[in-house]
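**Student:** Build me a model:
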Amino acid sequence: MNIRAFVNYHVVSKSPQAFHFDVGGIAGNLICPKLVATEVDVKDIRGKARHVNFDDDGIVFVKHNSAIEQFETMGDDESRYNHEIEALLKKTINACEVIVFDHTVRIDDPDSARKPARNVHNDYSCVGAKQRLIDLVGQQRAADFESGSFGFVNVWRPIERPITDSPLGFIRPSSMKPEDWMTIELVYPDRQGEILGTAFNPKHEWFYQSNMQPDEAIIFNIYDNHGRHYLAHSALDISGEKKSQLPRKSIETRTVVRYK
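**Tutor:** Next comes the predicted model:
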């Protein structure tokens, strides 16, 4: 079954483009580059998730029960969840080492400091990934990672309740062209990063999994130094759908992994 949904594509420009975060010292104050709202067809792969896999498509949908009950204020439970993520990635994508370095809870509410990302993007460019690796493990250990096979991998899941609106959608990598990507700077008060924005292409094949539950998760590739596909993704605003009174809540966990 297909749905129609709106996403916000980036626009190709000769000028540098950037997101500026916490502008003026105000948490959550964001200045965005130009985006264009575009309606796209999206395939629901509920019941057909086996049609995508991590090695070929850079993504896998899994069942995963967590012992954590309160993700917004994990506290001492954060280390427990880190261990859960490490075990999941070692089992599912054959990682031999997993470093969990960030958890972001997103709530689709105007008052939330972290809302679902509604720009079509990938979290790192090659330059951004290499710099982030150095930031995380230091120059010497980063060189050791680079000499082997490593990548940045995200784990995304609903929390508290099923996802009824603003689900996370992806573009099948085989439908992307190199010219669809562009670099976008991330400017924070204390550091700078770089992501990949995505320009519209009518051949893009969008997909998602409907009605995701808290015991389900998505593992998807962000960067891989041996050429594994990474995925453009965005929250989807489904056409004609009324917003739920209970906003979408999700947590995404960012990791760097080494492979066997």
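**Student:** What residues does the closest residue to residue 211 other than its chain neighbours make contact with?
**Tutor:** Counting by C-beta to C-beta, 6 or more residues apart in numbering, residue 211 lies nearest to residue 162, which is 5.5 Å off, once chain neighbours are set aside. Every residue, glycine included, has its C-beta placed from N, CA and C. The contact partners of residue 162, taken as C-beta atoms under 8 Å, 6 or more residues apart in numbering, are 211-214.
**Student:** Hmm, residue 42 and residue 1 touching each other?
**Tutor:** No. The criterion here is C-beta atoms under 8 Å, and residue 1 misses it with residue 42 at 9.8 Å.
**Student:** Counting neighbours, go ahead and name the busier of the two.
**Tutor:** Higher neighbour count among residue 1 and residue 42: residue 42, with 24 against 9, using other C-beta atoms under 10 Å.
**Student:** Buried ones among the contacts of residue 162?
**Tutor:** 212, 214 (16 or more other C-beta atoms under 10 Å).
**Student:** May I see the contacts of residue 162 arranged in TSV, with distance to residue 73 as well?
**Tutor:** What follows is the contacts of residue 162, written out as TSV (distance: C-beta to C-beta, whole Å):
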residue	distance to residue 73
211	26
212	22
213	22
214	16
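**Student:** Tell me the one among the contacts of residue 162 nearest to residue 122.
**Tutor:** residue 212 (20.5 Å; C-beta to C-beta).
**Student:** ok, for that closest one, nearest residue in space, not its chain neighbours?
**Tutor:** Closest residue to residue 212 apart from its sequence neighbours, by C-beta to C-beta, 6+ apart: residue 163 at 4.5 Å.
**Student:** end-to-end on stretch 8-21?
**Tutor:** Stretch 8-21 has an end-to-end distance of 18 Å (criterion: C-alpha to C-alpha, to the nearest Å).
**Student:** And residue 245, how far from residue 109?
**Tutor:** Remark: distance between residue 245 and residue 109 (C-beta to C-beta, to the nearest Å) = 11 Å.
**Student:** more neighbours, these two?
**Tutor:** Using other C-beta under 10 Å as the criterion, residue 245 and residue 109 rank with residue 109 on top: 14 against 6.
**Student:** which stretches of the stretch 1-150 of the chain form helices?
**Tutor:** With DSSP state H, counting those that start in this stretch as the criterion, the stretch 1-150 of the chain has helices at 54-57, 77-92, 126-137, 139-147.
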